[in-house]
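quick one, structure for this:
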Amino acid sequence: MKLSEIAKILNVEIDRSKDIDIKKISKIESSSEGDISFIANPQYEKYYDTTKASALIVNKDFNPLNQRNDVILLRTDDSYNSFVKILTEFSHSAVIEKEGISAKASVGKNFTAGKKIFIDDFVCIGENCGIGDNVKIFSNCSIGDNVKIAEGTVIYSNVTVYENCEIGKNNIIHSGTIIGSDGFGQARQKDGSFKKIPQIGHVVTEENVEIGSNCSIDRATIGETRICKGVKLDNQIQIAHNVIIGENTVIAAQTGIAGSTKIGKRCMIGGQAGIVGHIEICDDVIIGASVGVSKSITKPGVYLGYRAKPQAEELKEEVRIRNLEKLEKRIKELETIIKNFTSK
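Residues are numbered from 1 along each chain as shown. Just a heads-up that it's a prediction; the model follows:
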């Protein structure tokens, strides 16, 4: 891509005499000639003098001590998000160009397809399915009956979408993920055994959702499991039946959310968090890594600890625990003083 094309995407001006070909995006400390990188964190400004990148995206207030003529600066209001924008352009160009239905794919009856779709080798699509414009489905995916996939969605290899599920616009679903598997519904019997509760609901993902690899999103027992617009899920996440995740919430890897729990908008949930079922978490909550949430959270804020507590409360408790050794030593000293005093 020409540097002038990148500048146009970022809505910045460059000297036309300095227009060059950009070969790839790279880290500033290991760049080569023809690369573009960025500086957003002040800690990386030290690499400006030594980087071999031909162009850097920087904030408008970036003012290095040594000006280099061999490095072209693209000055923006937000260098980090500008760099993300360029990454998006580079990473999706090859995917966007793919088009056509492989002769090795299997498509069921009453299949409706939009424009410029791509269905790769060994994809199996059931009956009565609808695929929107510019949808890309890569090899070995299984799409059940009555599934709807809206325009612009990309589904990578080895994904399974069970029957009756609905996938929204511009979703990205990574390899190994399963959407619509049965929720974990088991009714205990008098003899101690368990009887399976039929799971007849479905899963709905709204627009601009991204789901990492090897996630499991269970269908509802009745009704729906819903992933609202803008939600971003990391890898290896379990979302149980009838869960609702609010808009623009992000969840890190290995988190487990039990059935019928409702999570609010703009929440951030750290890796390996565990959330019990049938509770509600309000909007704008941050849950730390490995935190166990055993009851509803009704106030926005940061929650930490083995059992989720407000950050200030958890930090106070941590201080108390760290002081236990000192307190024990002090008690022993006082016991010795009292003992010596009473023996006289």
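
give the contact list for residue 220.
By Cβ atoms under 8 Å, 6 or more residues apart in numbering, residue 220 lies in contact with 183, 199, 201-203, 241-242. (Glycine included, C-beta is placed from N, CA and C.)

state whether it is indeed within a helix.
No: using DSSP: H, G, I helix; E, B strand; the rest coil, the assignment for residue 220 is coil, not a helix.

once you drop chain neighbours, what's closest to it?
Leaving aside its sequence neighbours, residue 220 sits nearest to residue 201 (Cβ to Cβ, 6 or more residues apart in numbering; 2.7 Å).

now the one you found: how far from residue 313?
The gap separating residue 201 from residue 313 is 38 Å, by Cβ to Cβ, to the nearest Å.

so between these two, which is more surrounded?
A side-by-side neighbour count of residue 201 and residue 313, using other Cβ atoms under 10 Å, places residue 201 first with 21 against 12.

mind checking pLDDT for the more buried one?
For residue 201, the pLDDT comes out at 97.

wouldn't it be in contact with residue 226 here?
No: counting by Cβ atoms under 8 Å, residue 226 is not a contact partner of residue 201; they are 10.2 Å apart.

how long is stretch 72-88 from one end to the other?
Stretch 72-88 stretches 21 Å from its first residue to its last (Cα to Cα, to the nearest Å).

stretch 58-66 too?
First-to-last residue span, stretch 58-66, Cα to Cα: 15 Å.

which outside residues touch that stretch?
Here stretch 58-66 makes contact (Cβ under 8 Å, 6+ apart) with 38-40, 45, 48-49, 73-79.

redo that, cut-off 6 Å
For stretch 58-66, the surrounding residues in contact (Cβ atoms under 6 Å, 6 or more residues apart in numbering) are 39, 48-49, 73, 75, 79.

three-state assignment of residue 7?
Bear in mind the rule, three-state DSSP; under it residue 7 is helix.

over to residue 85?
helix.

how much space between it and residue 20?
According to Cβ to Cβ, residue 85 and residue 20 sit 19 Å apart.

same deal with residue 89?
17 Å.

which residues touch the residue nearest to residue 220?
By Cβ under 6 Å, 6+ apart, the neighbours of residue 201 are 219-224.

10 Å - rerun?
164-165, 180, 182-183, 218-225, 241-242 (Cβ atoms under 10 Å, 6 or more residues apart in numbering).

so which of the residues you listed is surrounded by the most neighbours?
Most surrounded of the contacts of residue 201: other Cβ under 10 Å gives residue 225, at 28 neighbours.

can you classify the nearest residue to that residue once chain neighbours are set aside by secondary structure?
Of all residues not flanking residue 225 in the chain, residue 203 sits nearest, at 4.7 Å (Cβ to Cβ, 6+ apart). Under three-state DSSP, the three-state class of residue 203 is strand.

ok so, going back, which of the contacts of residue 201 sits closest to residue 97?
Ranked by distance to residue 97 (Cβ to Cβ), these are led by residue 165 at 27.3 Å.

so the closest one touches residue 150, yeah?
No: counting by Cβ atoms under 10 Å, residue 165 does not reach residue 150; the two are 11.7 Å apart.

who touches both of those two?
Joint contacts of residue 165 and residue 150 (Cβ under 10 Å, 6+ apart) are residue 205.

poorly predicted segments of the stretch 51-200 of the chain, please.
Applying pLDDT under 70 to the stretch 51-200 of the chain picks out residues 92-94.

can you do 80?
Scanning the stretch 51-200 of the chain for pLDDT under 80 picks out 90-97.

helices of that one, start to end?
Under the criterion DSSP state H, counting those that start in this stretch, the stretch 51-200 of the chain contains helices at 79-97.

what is the burial count for residue 341?
Counted with other Cβ under 10 Å, residues neighbouring residue 341 total 8.

from the chain's centre, how far out does the one helix or strand it maps to sit?
Element membership of residue 341, judged by DSSP states H and E, is helix 324-343. Relative to its parent chain, helix 324-343 has a centroid offset of 53 Å by Cα atoms, centre = their mean, to the nearest Å.

ditto for stretch 187-199
The mean C-alpha position of stretch 187-199 is separated from the chain mean by 35 Å, Cα atoms, centre = their mean.

buried residues in that stretch?
Neighbour-count burial for stretch 187-199 flags residue 199 (criterion: 16 or more other Cβ atoms under 10 Å).

equivalent analysis for stretch 264-275, please.
Result for stretch 264-275 [16+ other Cβ under 10 Å]: buried residues 264-265, 267-275.

pull the most distant pair out of those residues.
Largest pairwise distance in the buried residues of stretch 264-275, by Cβ to Cβ, is 22.6 Å, between 265 and 272.

turn the contacts of stretch 58-66 into CSV, including distance to residue 301.
Converted to CSV, those look like this (distance: Cβ to Cβ, whole Å):
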residue, distance to residue 301
39, 32
48, 38
49, 42
73, 40
75, 36
79, 30
